[in-house]
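Undergrad: 3D model of this:
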Amino acid sequence: MEYIHRAIEDILLHTDRTFKCVLVTGARQTGKTELIRTFFPNRKYVLLDDPFIEEQANENPNMFMMLNPPPVIYDEVQRAPGLFRHIKIACDDTKERGRFVLSGSQPLELMEKASESLSGRVGIIELSTLSQREIDRDPFKTPFLPTMDYVTARAKTARAPANLWERIHRGGYPELQDPEVDWGVFFASYVKTYLERDVRKLSAVQDLNDFRRFMVAAAARTGQMLNYSSIASEIGKDQTTVKSWMSILEASGIVYLLEPYTPSVLKRAIRTPKLYFRDTGLAAYLTRWLTPETLANGAMSGAIFETFVISEILKSYANRGLDYRYCVSYYRGRDRKKVRKNGETLEVESEIDLILEENGVLYPVEIKQSAAVTADETAAFTVLDQVPDKKRGTGAIVCSCPQPGLLRDNILELPVWYI
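TA: Numbering: from 1, shown residues only. Sure thing, here's the model as predicted:
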């Protein structure tokens, strides 16, 4: 299959020119190795996934680095944590840039080690699974923001996919973009490899079948507020174990925990994070939605659609080298609002699916699978007007509508493919 160009390539090359060390991190099978070998073809490549090389790097890091001097690529570097100290020394011995390219598939753990050992010396690049823009070979690179300026710029290249649910079901792993690759076989192998390598490495899990059941239970709750007690009850484990295992999923880039927006002025805000799988294909596989049609019409379609939208928005930031963790959140509060549903008036908790913050402006986003949406569904957005020193910007409903539209003066409706 032909190489699919990644939106972050220019950021990678710029980082290599300005830092002594580059760390490319992301979940397993997101294309890290192909990316760095494509753009640094003349550098020696050392794979620490090889047991012999891993042992050599851990037992005698000085000799290992003498045999593999910079400029060099160390792939799966998390397998030799002791190397970070020696890489630091090698970086401090010279002012030369672009000495090391590191990569690994345990994002949070790697970023922590890099921050501790290589502070000021390393530029960190997060490689996600393929975004829809990358799959479409779309050159548009601006991070998503629900403003008229963004919509005007996005309209120049945005186009609707032939079958959105086929995209959502297939997922964004690069290997799956080859239509000859069997979806079920790929994910069966992916889960097996993930359990036997990453899970065993990150934690002393005694029974991998228990962890597999935990992954299924977590996937069934994508798009929901994280309830450790519920998962623990389902799989027959205690909450402490579930919390530990959830940290493994997060550390290895399988899930993302979206933190709540809880300024002190919003006293009724709920402080529980929401759970999202990073890839909708993997979530569909684990919950046994085996075709795009059954997924689109099944009980989880709304949650999977929301997961897809959140994932694509996060990718739009990560692909520009931006740390989105400080600018994305959601809101849910115990303040009640009235809504009409099936001809009845109901009282529900206020919720904003996503809040994007930029330059002191809060941009609220609602996510709806339906193509028919109304401005009334954004009633909760006004809660942000209570936050001092912040301004509420344009809001939007991201949905299945065919074209962008204006619901109110400051509320847009946007097709999901405008992300």
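
Undergrad: going forward, measure contacts and count neighbours with C-alpha atoms only.
TA: Fine.

Undergrad: please enumerate the helices of the stretch 101-250 of the chain.
TA: 107-117, 132-135, 148-154, 164-170, 183-193, 200-202, 208-219, 228-235, 239-251 (DSSP state H, counting those that start in this stretch).

Undergrad: the host helix or strand of residue 14 packs against which elements?
TA: If you go by DSSP states H and E, residue 14 is part of helix 9-18. Under the contact definition 3 or more Cα pairs under 8 Å, 6 or more residues apart in numbering; DSSP states H and E, helix 9-18 sits against strand 21-25, strand 122-126.

Undergrad: turn the helices of the stretch 101-250 of the chain into CSV, including mean pLDDT.
TA: Shown next, in CSV, are those (pLDDT from 0 to 100):
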stretch, mean pLDDT
helix 107-117, 67
helix 132-135, 98
helix 148-154, 97
helix 164-170, 98
helix 183-193, 96
helix 200-202, 72
helix 208-219, 95
helix 228-235, 97
helix 239-251, 93
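
Undergrad: any idea how far residue 14 lies from residue 123?
TA: Per Cα to Cα, to the nearest Å, residue 14 is found 10 Å from residue 123.

Undergrad: the more surrounded of those two?
TA: Taking neighbours as other Cα atoms under 10 Å, residue 14 and residue 123 compare with residue 123 leading, 24 against 12.

Undergrad: now that one. Nearest residue, chain neighbours left out?
TA: Of all residues not flanking residue 123 in the chain, residue 22 sits nearest, at 4.9 Å (Cα to Cα, 6 or more residues apart in numbering).

Undergrad: swap in residue 83?
TA: Using Cα to Cα, 6+ apart, the nearest residue to residue 83 is residue 61, at 6.1 Å.

Undergrad: okay, now the one you found: neighbour count?
TA: 20.

Undergrad: in this protein, which helix or strand is least confident?
TA: helix 107-117 (a mean of 67; mean pLDDT, DSSP states H and E).

Undergrad: give me the mean pLDDT for the lengthiest helix in the chain.
TA: Across the chain, the helix with the greatest residue count (assigned by DSSP state H) is helix 301-318. Helix 301-318 carries an average pLDDT of 98.

Undergrad: go ahead and name everything in contact with that helix.
TA: 125-128, 131-132, 141-144, 168, 222-224, 276-280, 283, 295, 323-324, 354, 367-369, 398, 416, 419 (Cα atoms under 8 Å, 6 or more residues apart in numbering).

Undergrad: go with 7 Å
TA: Residues outside helix 301-318 that contact it (Cα atoms under 7 Å, 6 or more residues apart in numbering) are 126, 128, 131, 143-144, 168, 222-223, 276-278, 280, 295, 324, 367, 369, 416, 419.

Undergrad: also stretch 47-65?
TA: Stretch 47-65 is contacted by residues 74, 75, 76, 77, 79, 80, 82, 83 when judged by Cα under 7 Å, 6+ apart.

Undergrad: give me the nearest residue to the most centrally placed residue in the chain, chain neighbours excluded.
TA: Closest residue to the average C-alpha location of the chain: residue 278 at 4.6 Å, with Cα atoms, centre = their mean. Closest residue in space to residue 278, ignoring its immediate chain neighbours: residue 255 at 5.1 Å, by Cα to Cα, 6+ apart.

Undergrad: ok, now which ones touch that neighbour?
TA: Residue 255 touches 249, 275, 276, 277, 278, counting by Cα under 7 Å, 6+ apart.

Undergrad: now with 10 Å, please.
TA: For residue 255, the contact set (Cα atoms under 10 Å, 6 or more residues apart in numbering) comprises 27, 218-219, 222, 246-249, 275-279, 283, 311.

Undergrad: now the residues you listed: which count as buried?
TA: Among those, those scoring as buried are 27, 218-219, 222, 246-249, 275-279, 283, 311 (criterion: 16 or more other Cα atoms under 10 Å).

Undergrad: and which of these is nearest to residue 158?
TA: residue 311 (17.7 Å; Cα to Cα).

Undergrad: circling back to that earlier point, for the helix holding residue 14, list every residue counted as buried.
TA: Judged by neighbour count using 16+ other Cα under 10 Å, the buried positions of helix 9-18 are 9, 12, 15, 16.

Undergrad: now the helices of the stretch 101-250 of the chain in a markdown table, with distance to residue 316?
TA: Formatted as a markdown table, those follow (distance: least, Cα to Cα, whole Å):
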| stretch | distance to residue 316 |
| --- | --- |
| helix 107-117 | 18 |
| helix 132-135 | 9 |
| helix 148-154 | 12 |
| helix 164-170 | 16 |
| helix 183-193 | 24 |
| helix 200-202 | 28 |
| helix 208-219 | 23 |
| helix 228-235 | 30 |
| helix 239-251 | 19 |
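
Undergrad: among the buried ones among the contacts of residue 255, which one lies nearest to residue 235?
TA: Within the buried ones among the contacts of residue 255, proximity to residue 235 (Cα to Cα) peaks at residue 218, which comes in at 10.4 Å.

Undergrad: pretty sure the closest one sits against residue 282.
TA: No: in this structure, residue 218 is not within contact of residue 282 by Cα atoms under 10 Å, at 11.4 Å.

Undergrad: any idea how far the residue lying closest to residue 390 once chain neighbours are set aside is from residue 317?
TA: Spatial nearest neighbour of residue 390, chain neighbours left out: residue 360 (5.2 Å); criterion: Cα to Cα, 6+ apart. From residue 360 across to residue 317, the span is 17 Å (Cα to Cα).

Undergrad: more neighbours, those two?
TA: residue 317 (20 against 11).

Undergrad: quote the end-to-end distance of stretch 63-74.
TA: Termini of stretch 63-74 sit 15 Å apart (Cα to Cα).

Undergrad: can you offset everything so residue one is 88?
TA: Understood, numbering begins at 88; the last thing we discussed is stretch 150-161.

Undergrad: starting at the chain centroid, how far to it?
TA: 31 Å (Cα atoms, centre = their mean, to the nearest Å).

Undergrad: list the buried ones in that stretch?
TA: Applying 16+ other Cα under 10 Å to stretch 150-161 flags 151, 152, 157, 158, 159, 160, 161 as buried.

Undergrad: pipe those into JSON lines and attach pLDDT and secondary structure per row.
TA: Listed next are those as JSON lines, based on pLDDT from 0 to 100; DSSP: H, G, I helix; E, B strand; the rest coil:
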{"residue": "151", "pLDDT": "94", "secondary structure": "helix"}
{"residue": "152", "pLDDT": "93", "secondary structure": "helix"}
{"residue": "157", "pLDDT": "94", "secondary structure": "coil"}
{"residue": "158", "pLDDT": "95", "secondary structure": "coil"}
{"residue": "159", "pLDDT": "97", "secondary structure": "strand"}
{"residue": "160", "pLDDT": "97", "secondary structure": "strand"}
{"residue": "161", "pLDDT": "96", "secondary structure": "strand"}
